[in-house]
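Predicted model and sequence below, questions to follow.
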Amino acid sequence: MPFAEINGQRVHYQDSGGEGLALVFSHGILMDHEMFAAQQELAREYRVITWDARGHGLTESDRRPFTYWDQARDVLGLLDHLEIEQAALVGAAEGGQASVRAALLAPDRIVALALISTLLGEESPRAQEFYGQMFGRWLAEGPIDELTTVFAALTINDPEENARWIAKWRERDRELVAEPATCLLEREDFSERLRQIRCPAVVMYGTADPLFGAQEAEELSEALRYCVGVVPVEGGSHATPLTCPDQVNAALSYFLGEI
């Protein structure tokens, strides 16, 4: 099981290897590298790399507070560890937060950016209140049914996958959610810096996603100077790579082929 010592963390990752363009997939909050299990199909043409962010999966973090800038440096540190000079980044939800920051930190190394269900502007006051209460209770009471079923329905919304991820959440130390939750709730509005990103980009959203819809996707696309457009994933939830992998994989292949 591969690990890399990066920025004081013992980061778990999976690497398909190969000579193709490296694609680094970054997951959302409460998920891990298994969110992108179906994207391994792309390894026939690309070098597919997935990893567990701080506070998630098998990565052993120092449990200190961090920001999405720290996660971005973790992405770049993973590229250094694997001796990869250039890569394309695919970020889902909060994984997109790290991906855009990595593109700003190392513009010569990031050749393409695919953002899936990633809100880079401010959360609404209602969303801030919801997440604050949910993660506060998660820390105090653990991943109880009342919390996990609601979160799974909002983000995954597939009975089989809901059950699988709820089982994973129940097995984890409740305190591991503290730093990722603080990172999410205290993140800055990043929308004004999007024009600085120099690489080609594409935006995807699930048409059944209650958290990130067509309007948010269009606004994000317009803010990215070199965005090639918006791809709606029909019937997709917030976690479209997990629930609608064929559509996501096809869109990624087309985007990467075009650029």
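Looks like it came in fine. Residues are numbered from 1 along each chain as shown.

All the helices of this protein, residue numbers only.
According to DSSP state H, the chain carries its helices in the segments 68-81, 94-105, 125-141, 145-155, 159-171, 178-185, 214-223, 240-243, 245-258.

From the centroid of this protein, which residue is nearest?
Centroid-nearest residue in the chain, with C-alpha atoms, centre = their mean: G95, separated by 2.2 Å.

what sits against that residue?
G95 is in contact with F25, S26, H27, G28, A53, T118, counting by C-beta atoms under 8 Å, 6 or more residues apart in numbering. Using the backbone N, CA and C atoms, a C-beta is placed for each residue, glycine as well.

returning to what we had before: with Q196 as the reference, name the closest of the helices of the chain.
Among those, the nearest to Q196 by C-beta to C-beta is helix 94-105 (6.0 Å).

Next, the buried residues of that closest one.
Residues of helix 94-105 classed as buried under the neighbour-count rule (16 or more other C-beta atoms under 10 Å) are E94, G95, G96, Q97, A98, S99, V100, R101, A102, A103, L104.

Of the contacts of G95, which is the nearest to D158?
Nearest to D158 out of the contacts of G95 is G28 (C-beta to C-beta; 15.1 Å).

tell me the contacts of the nearest residue to that closest one once chain neighbours are set aside?
Ranked by C-beta to C-beta, 6 or more residues apart in numbering and with sequence neighbours excluded, the top spatial neighbour of G28 is A93, at 3.0 Å. A93 makes contacts with H27, G28, I29, M31, I116, S117, T118, T155, F212, H238, A239, as judged by C-beta under 8 Å, 6+ apart.

how close does the closest residue to E161 other than its chain neighbours get to A43?
Using C-beta to C-beta, 6+ apart and skipping residues adjacent in sequence, the residue nearest E161 is L242, 6.1 Å away. When C-beta to C-beta, to the nearest Å is applied, the distance between L242 and A43 equals 17 Å.

any weak-confidence spans in the protein?
Low-confidence segments of the chain, defined by pLDDT under 70: none present.

burial count for A106?
Other residues within reach of A106 by the criterion other C-beta atoms under 10 Å amount to 16.

show me what contacts the closest residue to it other than its chain neighbours?
Distance criterion C-beta to C-beta, 6+ apart; nearest residue to A106, sequence neighbours excluded, is L76 at 5.4 Å. Applying C-beta under 8 Å, 6+ apart to L76 gives the contacts A102, L105, A106, R109.

Name the nearest of those relative to E85.
Checking these against E85 by C-beta to C-beta gives R109 as the nearest, at 6.6 Å.
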